[in-house]
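S.K.: Turn this into a model:
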Amino acid sequence: MNDFNKIITKPSLIVLKNICEENIKKMTEKAIASKCIFRPHFKTHQSAKIGELFKKYDVNKITVSSISMAQHFTLYGWSNILVAFVFNHREIDVAKELNKKIKLYLIADSTQTVRFLAQNIKQEINLYVKIDTGNHRTGVDIDDFNSLDIIIDEIKKHRNINLIGFLGHCGHTYYAKNKNEIINIWNTTLIKMKILKNRYSSIFNELIVSLGDTPSCNIISNFYGVDEVRPGNFVYNDLMQIKLGTCTYNDIAVLVACPVVSINKNKKQIVIYGGAIHFSKEHILNENGEIIYGIVSKINNGIIEPTKDCYLTSLTQEHGIVSCNSLFINSINIGDIIYVIPVHSCLTNNQLLNSIFYY
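M.R.: Numbering: from 1, shown residues only. Got it, this is the predicted structure:
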């Protein structure tokens, strides 16, 4: 950590590569044991360097969250990419060109988008139908067979559309109260997704069920019955996963390094250069029911170790306020660097893409 102290001048992300690789190894092995396609979501790390760690374990299919992210990763040799975002019609020209260069997979949840893609991309289009499994963001409701029948009928009209299967994201696991609730969401979703697969298997051969949320994928013992999994956050983990009980501090691979700019010992507060534009305003409640945006920590023998009663409790645009115990505040000077576990590694990583150090 001393080397980081010498070179860090502004909020920066510290990535523990060994922990990151161990997380990748465990998830890859679980997918292989379950005879399931592993298509990790790269939106969490967005890093070519982390991407190389996946290649060490023979991962060759990935998920991204935008067409532009797909373009980015093609530059690093990735040629089988799913854009897990309902297709944006305004990016059709970019999608057409990308579809010529790589094996591109897109998703749709309406006849309008199916028709638009078929009419504007003349080559074969690999397409998933997005299913709303309970997150209520995008997708056809998992129980709405009438709407699904209409979309399937539209797909059948277009020879250039290759229906891959049904894609869901159980994002509502992030609001679960405990691990059993997460497991129940996974199992219920899987049963219903397999019903969809069987309903249309006589029309389309080899349809697949694709699921992927980190809370489920972290704690489910196997992926039997799922054809493809797409977790993303697992690569780094964060306080949200700790709160849900789906990982331990030993599984967290990121910290945010922030310079100390002010200290108020009477209030037991440290002000850091590190605010909402670095952490986002994602928050959880600590054991006292207080809103926190991070936990102060250190790296001990390559493992993240949280500091007792030291929380990031307030954020404005550039400022963060850390409420801490007397022992910690007396060990810190203005100009020091302190390290904070973020609540949500995906958003924090995105904010700090231009300032990342690997440990």
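S.K.: Not counting residues beside it along the chain, what's closest to Thr307?
M.R.: Val296 (4.5 Å; CB to CB, 6 or more residues apart in numbering). C-beta coordinates here come from the backbone N, C-alpha and C atoms, glycine included.
S.K.: What's the first helix or strand after the helix or strand that contains the one you found?
M.R.: In this structure, Val296 is located in strand 294-300 according to DSSP states H and E. Remark: after strand 294-300, the chain's next helix or strand is strand 303-315, criterion DSSP H and E.
S.K.: Mind exporting the C-alpha coordinates of that next one to PDB?
M.R.: Output of strand 303-315 as PDB, limited to C-alpha atoms (Å, rounded to 0.1, in the frame of the first residue of the first chain):
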ATOM      1  CA  ILE A 303      -7.100  -9.500   1.800                       C
ATOM      2  CA  ILE A 304      -9.400  -6.600   2.500                       C
ATOM      3  CA  GLU A 305     -10.000  -6.000   6.200                       C
ATOM      4  CA  PRO A 306     -12.700  -3.500   7.300                       C
ATOM      5  CA  THR A 307     -12.000  -1.000  10.000                       C
ATOM      6  CA  LYS A 308     -14.400  -1.100  12.900                       C
ATOM      7  CA  ASP A 309     -16.900   1.800  13.200                       C
ATOM      8  CA  CYS A 310     -15.400   3.800  10.300                       C
ATOM      9  CA  TYR A 311     -18.000   4.500   7.700                       C
ATOM     10  CA  LEU A 312     -18.500   6.800   4.700                       C
ATOM     11  CA  THR A 313     -21.600   8.500   5.900                       C
ATOM     12  CA  SER A 314     -22.200  11.500   3.700                       C
ATOM     13  CA  LEU A 315     -21.500  12.400   0.000                       C
END
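S.K.: In it, which residues are buried?
M.R.: Ile303, Ile304, Pro306, Thr307, Asp309, Cys310, Tyr311, Leu312, Thr313, Ser314, Leu315 (16 or more other CB atoms under 10 Å).
S.K.: For Gly275, give me its contacts.
M.R.: With contacts defined as CB atoms under 8 Å, 6 or more residues apart in numbering, Gly275 is in contact with Leu315, Thr316, Gln317, Glu318, His319, Gly320.
S.K.: if I look at the last one, how far off is Ile338?
M.R.: Plainly put, Gly320 is 10 Å away from Ile338 if you go by CB to CB, to the nearest Å.
S.K.: Which neighbours do those two have in common?
M.R.: Residues within reach of Gly320 and of Ile338 at once, by CB under 8 Å, 6+ apart, are Cys258, Ile272.
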